[in-house]
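Undergrad: when you get a sec, could you give me coordinates for this:
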Amino acid sequence: MSNKNQTLGEFIIENQSSFKYSSGELSRLINSIRLAAKVVNHEVNKAGLVDIIGNAGDTNIQGEDQQKLDVYANEKFIQTLTKRNIVCGIASEEEDSFISINSQDENHQNKYIVLIDPLDGSSNIDVNVSVGTIFSIYRRVTPVGTPVKLEDFLQKGREQVAAGYVVYGTSTMLVYTTGHGVNGFTLNPAIGSFYLSHPDMKFPADGTIYSVNEGNYLDFPLGIKNFIKYCQQEEGDRPYTSRYIGSLVSDFHRNMIKGGIYMYPKGSRNPNGKLRLLYECNPMAFLAEQANGKASDGFTRIMDIEPTELHQRVPFICGSKNMVEKAEEFMEAAK
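TA: You can find the predicted model right below:
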């Protein structure tokens, strides 16, 4: 049985036999993510003391301004995963295309690919608000020992073998699932180890928080507008409380603990939604479902969506199951 004195490393070893593929490779991969997260956390905590905040002067593949910490986190996660010879491919929100690892070595036997959002909510760094890292892990579908291909990355979310996030906030936490529930580990900065602090995390079936950027209200589809009005009506335990941080990791983490719903719908300015299916929505949907929550685009289960491109965007509604289903009712009624 797990206990709150366990380190992340001890937890991984104890639960390795419950992984669908118990080769030890997935365990080493999660340990590598842990290591990179500690490095990024150290740098995040120096924001304001050294020249790492602000705009880096470049844009990413989506045409968004890159922050200096975006670039730093991206480099650290790619370096850590590459040098430890654990994965056969990496795709990052900050890269134009995927990266093939050991593609010149026909004998390499790595089976896993990683998709990562290195620093979610990075614009919040300048104002000392929580940010995070999101990761998603799949087994490759092309033959082991060959260079990875695009099809290895364009898998439905239900094929994930692990997913998680790191939140860099008042304390640093790593939260992840391998399909057997969700567990959270808090970093003890004095000794540099993550300890099990939040075992078997669950969304409350109902919540009282709705998280959406209401500044975009006029741009929202009718179903979302009507659901927001419903949240604001005084009836029963309503009106609900509006809480929006602007960092998906932070909003998701709060809602999972307290109960709530997060929404980033499509609109005329973002006709396909804004969040990325592969780097943000699929891993968060996997976590939500493993924590008794739900994730949808308003009509379809997120993890059933067929990816067609690396940087595909989709509408995203995620959180406490009853709240998500109520939002889907409003979306269906407004069709």
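Undergrad: what count of nearby residues applies to the nearest residue to residue 168 once chain neighbours are set aside?
TA: Spatial nearest neighbour of residue 168, chain neighbours left out: residue 44 (4.7 Å); criterion: Cβ to Cβ, 6 or more residues apart in numbering. Heads up, the C-betas are built off the backbone N, CA and C, glycines and all. By the criterion of other Cβ atoms under 10 Å, residue 44 has 25 neighbours.
Undergrad: find the nearest non-adjacent residue to residue 240, please.
TA: Here the residue nearest residue 240, using Cβ to Cβ, 6+ apart, is residue 231, at 4.4 Å.
Undergrad: assign the one you found to helix, strand or coil.
TA: helix (DSSP: H, G, I helix; E, B strand; the rest coil).
Undergrad: so it makes contact with residue 241?
TA: No: applying Cβ atoms under 8 Å as the test, residue 231 and residue 241 come out as separate, 9.0 Å apart.
Undergrad: hey, which helix or strand in this structure has the poorest pLDDT?
TA: strand 55-59 (a mean of 51; mean pLDDT, DSSP states H and E).
Undergrad: hmm, residue 156 is touching residue 306, no?
TA: Yes: using Cβ under 8 Å, residue 156 is in contact with residue 306, at 6.2 Å.
Undergrad: who has more neighbours, the two?
TA: residue 156 (16 against 9).
Undergrad: the more buried one and residue 93, how far apart?
TA: Residue 156 is 19 Å from residue 93, where distance means Cβ to Cβ, to the nearest Å.
Undergrad: if you count neighbours, what's buried in stretch 254-273?
TA: Neighbour-count burial for stretch 254-273 flags 254-256, 259-267, 273 (criterion: 16 or more other Cβ atoms under 10 Å).
Undergrad: cool, stretch 129-137 as well?
TA: 130-137.
Undergrad: what would those look like in a markdown table with secondary structure, pLDDT and distance to residue 147?
TA: Putting those into a markdown table (DSSP: H, G, I helix; E, B strand; the rest coil; pLDDT from 0 to 100; distance: Cβ to Cβ, whole Å) gives the following:
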| residue | secondary structure | pLDDT | distance to residue 147 |
| --- | --- | --- | --- |
| 130 | coil | 85 | 38 |
| 131 | strand | 89 | 33 |
| 132 | strand | 93 | 31 |
| 133 | strand | 96 | 26 |
| 134 | strand | 97 | 25 |
| 135 | strand | 97 | 22 |
| 136 | strand | 98 | 20 |
| 137 | strand | 96 | 19 |
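Undergrad: could I get these in TSV, plus columns for distance to residue 190?
TA: Output for the buried residues of stretch 129-137, formatted as TSV (distance: Cβ to Cβ, whole Å):
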residue	distance to residue 190
130	21
131	22
132	22
133	22
134	27
135	26
136	31
137	30
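Undergrad: for residue 163, which three-state class applies?
TA: Residue 163 - assigned by three-state DSSP - is strand.
Undergrad: just give the closest residue to it, not the sequence neighbours.
TA: Using Cβ to Cβ, 6+ apart, the nearest residue to residue 163 is residue 283, at 3.6 Å.
Undergrad: swap in residue 267?
TA: Residue 267 sits nearest to residue 219 (Cβ to Cβ, 6+ apart), 3.5 Å away.
Undergrad: what sits against the one you found?
TA: 267-270 (Cβ atoms under 8 Å, 6 or more residues apart in numbering).
Undergrad: any idea how far residue 141 is from the residue nearest to residue 200 when sequence neighbours are not counted?
TA: Nearest-residue entry for residue 200: residue 181, 5.2 Å, with adjacent residues in sequence omitted and distances by Cβ to Cβ, 6+ apart. To residue 141, residue 181 is 26 Å away according to Cβ to Cβ.
Undergrad: residue contacts, the most centrally placed residue in the chain?
TA: The C-alpha lying nearest the average C-alpha coordinate of the chain belongs to residue 134 (Cα atoms, centre = their mean; 3.4 Å). Residue 134 is in contact with 116-117, 120, 163-165, 248-249, 279-280, 283-284, counting by Cβ under 8 Å, 6+ apart.
Undergrad: how about residue 115?
TA: 90-92, 135-138, 153, 278-279, 282-283.
Undergrad: thanks again, I'm all set now.
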